[in-house]
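>>> need the 3D shape of this:
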Amino acid sequence: MFAAQIKADYDDQGYTLIRSFFSPTEVHKILKNLERVIDEHRTTMGDRAFYEDKDQAHTLKQIQRLFEIDPYFDDLFFRSRFAELAEFLLGESAKAVNMQFFNKPPGAGLPTPPHQDGFYFKLNPCRALTMWFALDFADAQNGCVRYVSGSQTGGMRSHNSTGVLGFSQGLAEFPAAGDEENEVSFEVQPGDLLVHDALTVHWAEGNGSATRSRKALGFIYYGESAKLDKEAAEEYQKKLYSDLKEAGRL
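Residues are numbered from 1 along each chain as shown. Okay, here's the model as predicted:
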């Protein structure tokens, strides 16, 4: 896909899909380093790690700030094609903010509620994007990503509590008018990359497969022009951490 088409899709639809962004060899290297990091740091990740069931190691569903844990992922986040693409799509210098591991374990991965990432970011203006990099084959059965095409143009919608680990806030009203007819979803192969605007409505079903995981890496970049509402962000993070601790999810 030509660069101009990638940018046009992102601007018009609120998302873009790049097939084979990384080769199978590169994906294999990422997976091996991920396995190593989880094995070496399983007991020391603290509040970075979220589990569907904290007492079951195989239900690990999310690792926050992966770049802080290991130099390999620091390089992948800050000094790679991901960072270059973020600046191209945002049209300005980009700040690397968070790198996450996501998984929907077979038979245990729960749905991701419809939401807008910008609600979590607390930015003004909301100039940011999220990358979702497939490490497994993902389809409707094991929880592929779904979007409302063009939803980034509608501004920030109202959100409320979901009770879902790692995605504590979801759209208060969904589907709204126009959402269903503009829904799109993508089956992806390892190495494919989805990128969406921070205002694009998206979600994923749970993992209905008894044998297949749905692993991915997430990359968050803010545009240089985006300013953080520090008070709102700190208040949100404090409440989120308190709720998760109380529920025994950390």
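>>> for the chain, just list every one of the helices.
Under the criterion DSSP state H, the chain contains helices at 3-13, 24-41, 71-78, 81-90, 117-121, 230-246.
>>> between the ones you listed, which one is closest to K215.
For the helices of the chain, distance to K215 was read as C-beta to C-beta. The smallest value, 7.8 Å, belongs to helix 24-41. Where you see a C-beta, it was placed from the backbone N, CA and C, and this is true even at glycine.
>>> please state the offset of that closest one from the chain centre?
18 Å (C-alpha atoms, centre = their mean, to the nearest Å).
>>> for it, buried residues please.
The neighbour-count check on helix 24-41 (16 or more other C-beta atoms under 10 Å) flags V27, I30, L34, V37, I38, H41 as buried.
>>> quick one: which of those is nearest to F78?
I30 (15.2 Å).
>>> pretty sure the closest one sits against S23.
No: using C-beta atoms under 8 Å, I30 is not in contact with S23, being 10.8 Å away.
>>> and the residue positioned nearest the centre of the chain, bridged to which residues?
Centroid-nearest residue in the chain, with C-alpha atoms, centre = their mean: G218, separated by 4.3 Å. Under DSSP bridges, the beta-bridge partners of G218 are Q100, W132.
>>> state the mean pLDDT of stretch 178-197.
Averaged across stretch 178-197, the pLDDT comes to 97.
>>> if you could redo that for stretch 132-152, that was the one I meant.
So the average pLDDT for stretch 132-152 ends up being 97.
>>> list the buried ones in that stretch?
Neighbour-count burial for stretch 132-152 [16+ other C-beta under 10 Å]: 132-136, 138, 142-152.
>>> starting at the chain centroid, how far to it?
10 Å.
>>> before we move on, what about stretch 88-103?
That offset, for stretch 88-103, works out to 10 Å (C-alpha atoms, centre = their mean).
>>> with stretch 103-113 instead?
Its chain's C-alpha centre and that of stretch 103-113 lie 14 Å apart, by C-alpha atoms, centre = their mean.
>>> distance from the centroid: which residue in the chain tops it?
A177 (25.0 Å).
>>> please report phi then psi for it.
phi -60, psi 130 (degrees, to the nearest 10).
>>> picking up where we left off before, which of the buried residues of stretch 132-152 fall in strands?
Counted as lying in strands by DSSP state E, out of the buried residues of stretch 132-152, are W132, F133, A134, V145, R146, Y147, V148.
>>> hang on, isn't S161 packed against L171?
No: when contacts are counted by C-beta under 8 Å, S161 is not listed as touching L171 (11.7 Å).
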